[in-house]
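Novice: okay, predicted coordinates and the sequence, questions at the end:
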Amino acid sequence: MRFQKERSAGFLANQMARLFAKGLQKRISPLGLAPAQFMTLLALWDEDGLTQSELVRRLDVEQATMANTLTRMERDGLIERRSNPSDGRSQSVHLTEKSKALQAPAIAEARAQNATALADFSDEEREIFLVLMRRAIAAMHGN
C-alpha cells in the first residue's frame with residue numbers, strides 16, 4: 001500500500017506548522033524578533049521572572065536551545081537575567097521595557113497569521129478545528 005501524504009495527520013500537521021512558522025517569521029522579523037524569541041516572550045508576558053528551567057519545561061525545548069535563545073535575547077536588549085531570590089544557584093529572566101513595548105504589535109502579527117491560516121473557515125469550522133487540534137495534542141501528551 002502506498003503512503004498518502006494528504007491522508008497523514010502527521011505530514012499535514014508538520015506542513016501546516018512549517019508554513020505557519022514561515023508566515024509568522026515574516027510578520028515579526030520587522031519587529032526584530034525570531035519565532036523562538038516570540039515563543040519565549042509569550043511565556044514571559046504571561047509570567048515575568050521565570051527561570052531558564054521553567055522556560056524549558058513550558059516551551060518543551062532543549063536546555064541548550066533555550067540557553068542560546070536567551071543569550072541572543074539578552075544581547076538584543078529583550079531580557080535581563082537576575083539572581084533568583086528563592087534559589088541563589090539560578091537566575092530569573094525578566095522582560096525589559098523594549099520587550100514589553102513589543103507585546104501588542106507582536107501579538108497582533110500572530111493574530112494576523114492565525115486569521116490568514118483560517119480565513120477560509122466559517123466560525124463554526126474554526127472552533128471545531130481548534131477543538132480537534134487540542135484533542136490530538138492532548139492524546140500525544142499522554143504517550
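Specialist: Noted; the coordinates are in hand.

Novice: need the contact list for residue 58.
Specialist: 43, 50 (Cβ atoms under 8 Å, 6 or more residues apart in numbering). Any C-beta I mention is one placed from the backbone N, CA and C, and that applies to glycine too.

Novice: that one and residue 50, how far apart?
Specialist: Residue 58 sits 7 Å away from residue 50, going by Cβ to Cβ, to the nearest Å.

Novice: next one: residue 137
Specialist: 22 Å.

Novice: same thing with residue 78?
Specialist: 14 Å.

Novice: and the two? Which one has more around it.
Specialist: More crowded of residue 78 and residue 50, by other Cβ atoms under 10 Å: residue 78, with 23 against 20.

Novice: so which helix or strand takes in the nearest residue to the more buried one once chain neighbours are set aside?
Specialist: The spatially closest residue to residue 78, leaving aside those adjacent along the chain, is residue 99, at 4.3 Å (Cβ to Cβ, 6 or more residues apart in numbering). Per DSSP states H and E: residue 99 is located in helix 97-117.

Novice: tell me which other helices or strands that helix touches.
Specialist: In terms of contacts (3 or more Cβ pairs under 8 Å, 6 or more residues apart in numbering; DSSP states H and E), helix 97-117 is packed against helix 9-28, helix 35-46.

Novice: go through those helices and name the closest to residue 63.
Specialist: helix 35-46 (13.4 Å; Cβ to Cβ).

Novice: quick one: that closest one to helix 97-117, angle?
Specialist: 110 degrees (axes from the mean of the first three to the mean of the last three Cα atoms, to 10 degrees).

Novice: pLDDT on the helix or strand that helix 35-46 is followed by, on average?
Specialist: As assigned by DSSP H and E, the chain's next helix or strand after helix 35-46 is strand 50-51. Across strand 50-51, the average pLDDT comes to 93.
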